[in-house]
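[1] how does the following fold in three dimensions:
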Amino acid sequence: MITTISTKTKKSTVLWVIALVFGLSSCSDYLDVQPEDKLVDEQMYRNIYDADAAVIGVYGKFMALAEKNIILNEMRADLMTTTRNSSPYLKEISEHNVSADNPYANPKDFYVVIQNCNNVLKNFDMMLEKKRFTQEQYAQRYSDIGAIRSWVYLQLGIHYGNVPYITEPIETIEDVKNISKYPKLPFNQLLDQLITFTENLPYKKVYETTSSLMINIDGYYTEKFFINKECLLGDLQLWKGNYNKAAIHYKNVMETSSNSSSDTERFDMYRVKYAEVVSHDDLAVGYRRDFEADASSLINSDNQGWRSIFGRDRDVLWNTEWIWSLPFENNFAPKNPFIKLFSNKNGDYLVKPSQSAIQLWSNQTQSNNIPYDARGQKFTYNIVNGDPVIMKYLYKSEAVASTGIANTKGQWFLYRAAKLHLRYAEAANRDGQQKVAYAILNKGISTTYTPPADPALTDVTNIQQTFLPFPYDFDARKGDYPFFRGTWHRGGGIRGRAYLKNVGAVGDDVITTENNIIQEDALELAYEGNRWEDLVRIALRRNDPAFLADKVHDKLKQEGNTNADAVRSKLMNINNWYLPFNW
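    Model (predicted):
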């Protein structure tokens, strides 16, 4: 199929190829051919458009990991639990008692993507050697696919511990199980390999705007389809404990548009912007002006406020928050798996928020003294027909489906500005920059770096900035005499944007600050595929299995699970954090 399409070299044809390949996963089956099939390689890798089709084909395969990624990173942790409809396999995942045939624990799907990546990377080398595309075209596409492979391997390491690290195409996917041929690499050594490979990729940016892969199609600009390599490198270095290097990679992304001539990009892009109290054209928790004490005045819609992070169209404001997000569309495969997973109206309602998560949101206090975090019961989950329903993935589909029109639109949420800021704060805290971490976590640089004795100070020449070297340099000045508008003056901080009171204090020790950051990860990022890896990373860093075991125990205990104590005892052994590596 792709061979015929990609013989043309018109950009309009490329648009069609990308739509077709991205939507129809079967169209990327050509990537599963035996790697030594020279005839097929010659047919498939002739020019830049064939290379583009190969890239999008890999992403088509990659999207098949969406459901597994969410289940493994959320159900294994403390914020998600099973429902009356859950299969025994989901209950096994939740209780850390996985059977050999549990499909969620099968690592094969990860290696299918890796095999595709290895095949494409090998053929890109061949194309460069034969001058079928330029060095620049090669560098951008090779780096993209190489980064996807590293992301998949990181997930394998997190969930399985020791895994085979294979970087060349293999004869058959079943060879992965041959330990004599492909010995398993311990997670820490795997991290070393991933960091070396990914840091040495020839191209770290997003695709150039002139690339044939950067296009508008079906209402989407494809820039946010592709993995952000700096975010990935930040995560790899954070896992390894190289905190300054991690902060550098994260800050590079946070400063993406600092030199832009557009005020919207310069001041808003990845800034976690404060609330617009009049227009509410923002991504913040907010209330109608002059009615802030009235809980019913909460801004709650698909195009205003914090909920709109997940409900709004891919507009300018959406673009300031999302760094990596893959769409599911009505007319294309792979189909959106999240409706079946989360919805009790149009799906099977297989998972729900745990009581631990519900209680965590309930324990927060808003700036107007309303005693709960609106990101929880108002936005992240709702009570629907008596059931607590995770809503982040359903705003797009249920808004239309409720009218009687079938709709399966949705997103796989992979990286956004709030996650970037929280990971940066985690790295900064461990790198001895507790005040910077506190500011990012709470109400931003401007508030934290303004002397409390005179908050109305108009001359901000020497305040509202950190006076630190990169990657801890922030200028959040906003003053009129003289006039200043620092690039971070609109940054409101994670809890500031959530309309919550500060947590912790400037001067808290590293562990206290870290505990607050990881708690905020749960409040802000719940069900976006981060929680298990957050718990594992901190517990490993501290050599403290109880950090992880206690949270899973609390989840199970609160729902009356009689296995709660046994699960805690099991998780006190680090070896029991990892899934069995078999299929």
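[2] contacts, neighbours, all on C-alpha from now
    Noted.
[3] not counting residues beside it along the chain, what's closest to Thr562?
    Computed as C-alpha to C-alpha, 6 or more residues apart in numbering, the closest residue to Thr562 that is not its neighbour in sequence is Leu556, at 8.0 Å.
[4] can you give me the strands for the stretch 301-450 of the chain?
    322-328, 351-353, 381-384, 387-390, 410-416 (DSSP state E, counting those that start in this stretch).
[5] most packed of those strands?
    strand 351-353 (a mean of 26; mean count of other C-alpha atoms under 10 Å).
[6] helices or strands up against that strand?
    If you count contacts as 3 or more C-alpha pairs under 8 Å, 6 or more residues apart in numbering; DSSP states H and E, strand 351-353 packs onto strand 80-82, helix 338-342, strand 387-390.
[7] what's the closest of the ones you listed to His489?
    strand 387-390 (33.4 Å; C-alpha to C-alpha).
[8] before we move on, the earlier item: what secondary structure does the residue nearest to Thr562 sit in?
    The three-state assignment at Leu556 reads helix, by DSSP: H, G, I helix; E, B strand; the rest coil.
[9] and it, what does it touch?
    Applying C-alpha atoms under 8 Å, 6 or more residues apart in numbering to Leu556 gives the contacts 95, 562-564.
[10] go on, Pro471?
    244, 247-248, 251.
[11] if you set the cut-off to 6 Å instead, what comes out?
    Contact analysis of Pro471 by C-alpha atoms under 6 Å, 6 or more residues apart in numbering lists 248, 251.
[12] that one sits in which helix or strand?
    Assigned by DSSP states H and E, Pro471 falls within no helix or strand.
[13] need phi/psi at it.
    The phi/psi pair for Pro471 (degrees, to the nearest 10) reads phi -100, psi 20.
[14] show the pLDDT at it.
    Here, the pLDDT recorded for Pro471 equals 98.
[15] and Gly386, how many neighbours does it have?
    Neighbourhood size, Gly386 [other C-alpha atoms under 10 Å]: 8.
[16] and it, how far from Asp475?
    48 Å (C-alpha to C-alpha, to the nearest Å).
[17] do Ile173 as well
    Taken as C-alpha to C-alpha, the span from Ile173 to Asp475 is 51 Å.
[18] between those two, tell me which one has more neighbours.
    Higher neighbour count among Ile173 and Asp475: Asp475, with 20 against 15, using other C-alpha under 10 Å.
[19] tell me how far that one lies from Lys570.
    48 Å.
[20] what do you get for Lys340?
    Distance from Lys340 to Lys570, by C-alpha to C-alpha: 31 Å.
[21] about what we covered before: and the helices and strands packed on strand 351-353 as JSON lines, adding mean pLDDT and distance to Leu548?
    JSON lines is the format used below for the helices and strands packed on strand 351-353 (pLDDT from 0 to 100; distance: least, C-alpha to C-alpha, whole Å):
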{"stretch": "strand 80-82", "mean pLDDT": "98", "distance to Leu548": "15"}
{"stretch": "helix 338-342", "mean pLDDT": "97", "distance to Leu548": "25"}
{"stretch": "strand 387-390", "mean pLDDT": "98", "distance to Leu548": "23"}
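[22] ok, the nearest residue to Gly491 once chain neighbours are set aside - contacts?
    Residue nearest to Gly491 in three dimensions, not counting chain neighbours: Lys273, with 4.6 Å by C-alpha to C-alpha, 6+ apart. The contact partners of Lys273, taken as C-alpha under 6 Å, 6+ apart, are 490-492.
[23] which parts of the protein are strands?
    In the chain, the strands defined using DSSP state E lie at 80-82, 163-164, 184-185, 216-217, 220-221, 322-328, 351-353, 381-384, 387-390, 410-416, 478-480, 483-485.
[24] residues in contact with the second one: which ones?
    Looking back up the chat, that one is strand 163-164. 182-185.
[25] repeat the analysis, applying 8 Å as the threshold.
    By C-alpha under 8 Å, 6+ apart, strand 163-164 touches 156-157, 176, 179, 182-187, 581.
[26] do stretch 423-440 as well
    For stretch 423-440, contacts defined as C-alpha under 8 Å, 6+ apart pick out 235, 238, 243-244, 246-247, 250-251, 421-422, 441, 445, 447-448, 466, 472, 493-494, 504-510, 513-514, 517.
[27] how about stretch 442-451?
    Here stretch 442-451 makes contact (C-alpha under 8 Å, 6+ apart) with 435-436, 439, 463-466, 474-477, 488-489, 491-497, 501-503.
[28] would you list the buried entries among the residues you listed?
    Among these, those classed as buried by 16 or more other C-alpha atoms under 10 Å are 435-436, 439, 463-466, 474-477, 488-489, 491-497, 501-503.
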